[in-house]
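Student: Got a predicted model here, sequence first, then my questions.
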Amino acid sequence: MTVVLAIGTKKGLWLATSDGSRATWDVTGPHHSMNDVYAVGFDTRRRKPRLLAGITSEHYGPSVAFSDDLGATWQEPDHAPIAFPADADAALARVWQFAFGPPDVVYAGVEPSALFRSTDGGESFELVRGLWDHPHRPQWQPGFGGQAIHSIVPHPTDESRVTVAMSTGGVYVTTDGGDSWRARNVGIQAYRNPDPYPEFGQCVHKIAQHPDRPERFFAQNHHGVYRSDDGAETWQSIADGLPADFGFPMVVHPHRPDVIYNFPITADAERYAPGGRCAVYRSEDAGKSWDALTSGLPEGFWNGVLRDAMCVDTAQPAGVYFGTRSGTVFASADEGGNWSPVVEQLPDVLCVRAVVA
């Protein structure tokens, strides 16, 4: 077994490779040097996984590169793979997320808030007009990090159903393949909004779903941690037991639907770990209770972890990974019980994704 970890940063992409023990890592990079890499994704539906990277050059602008040999070589289309049509009156700022639906279908969430769909494995994309033309869109606003669709969750068995989340706007669901969308934010608080529970406008930071229990979702909001047990129709708080309800990542265990991982941040105006304590929090009962996982993690940690900078692999036992804004990536080969660094002194880590190849 080989595990490959893709690490996107503010100055390029690094790739870390290990055997099944996940005890030591060989690291290569930077790939796409000096480009922002906000999004990476492994398409495991192919005979060999395809690695997609959303890259943003200050000189050439945003694009999508892909590799069919786990980063040894890269291809980039000679056209802009993601571009708004002329009548949209918008320009692509960057790609924030990749997700994989039916065979050969790749979704991309972008800034400004829009969803694109590819039917050729990620080499060209078309705008999902049903969401772009939604009557709520003119009222969506940028969060502190931008106005983007950062979470895309295709239903594991129903190809017509996709759930997305954005900052700020909240959670939206389609049940007809993208032709129409409905806001699904009942119970999620809109922090500092005159109406604390509006139909839309929530600054949702991340959503996650386990494919074995698709009716259940988890969400990290801008202040608030939630679970839905009815397909995102309604949400209930599961923040009790966490040291803070602010944060960015929300990750579901690959094999155990009730196990989730979170990295709390003190508050929106204090974006560092509570008390300077580096701790991943794990719940094994779908958010009813939480345990701090700290073995091997540093003390005096006045830093944070971004929304896509935490992930899991599909091995047994599962590996858990997260990257910090100070450029260190940590790994646990025992589902969070013990941690050790994969690589240190990288640029600001934006995203981390793992594949068992």
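Tutor: That came through fine.

Student: ok now do the closest residue to A91 other than its chain neighbours, which residues does it touch?
Tutor: Nearest non-adjacent residue to A91, counting by Cβ to Cβ, 6 or more residues apart in numbering: F84, 6.5 Å away. C-betas here are computed from N, CA, C, even on glycine. Applying Cβ atoms under 8 Å, 6 or more residues apart in numbering, we find F84 in contact with A90, A91, L92, A114, L127.

Student: Look up how far W132 lies from F84.
Tutor: Between F84 and W132 the computed distance is 8 Å (Cβ to Cβ, to the nearest Å).

Student: Quickly list what's touching both of the two.
Tutor: With Cβ under 8 Å, 6+ apart, F84 and W132 have common neighbours A114.

Student: Show me the two of the contacts of F84 that sit farthest apart.
Tutor: Pairwise distances across the contacts of F84 (Cβ to Cβ) peak at 12.5 Å, for the pair A91 and L127.

Student: neighbour count winner among these two?
Tutor: L127 (19 against 10; other Cβ atoms under 10 Å).

Student: so what's the more buried one up against?
Tutor: F84, P85, A88, A114, L115, F116.

Student: Surely A23 touches A333?
Tutor: Yes. A23 is in contact with A333 according to Cβ atoms under 8 Å; the separation is 6.9 Å.

Student: Who has more neighbours out of those two?
Tutor: Using other Cβ under 10 Å as the criterion, A23 and A333 rank with A333 on top: 22 against 10.

Student: Got phi/psi on the more buried one?
Tutor: phi -90, psi 0 (degrees, to the nearest 10).

Student: what's the neighbour count on the closest residue in space to it that isn't next to it in sequence?
Tutor: Nearest non-adjacent residue to A333, counting by Cβ to Cβ, 6+ apart: R22, 4.0 Å away. Neighbours of R22 under the rule other Cβ under 10 Å: 23.

Student: would you say R22 is within a helix?
Tutor: No. Using DSSP: H, G, I helix; E, B strand; the rest coil, the secondary structure at R22 is coil, not a helix.

Student: For it, give me its contacts.
Tutor: Contact analysis of R22 by Cβ under 8 Å, 6+ apart lists V3, A315, G319, A331, A333.

Student: Quickly note the distance from the third one to E335.
Tutor: Pointing back at G319 there. 8 Å.

Student: Which residue comes closest to S67 once chain neighbours are left out?
Tutor: L51 (4.5 Å).

Student: Correction: the previous question concerned A39.
Tutor: According to Cβ to Cβ, 6+ apart, the nearest residue to A39 is G54 (3.6 Å).
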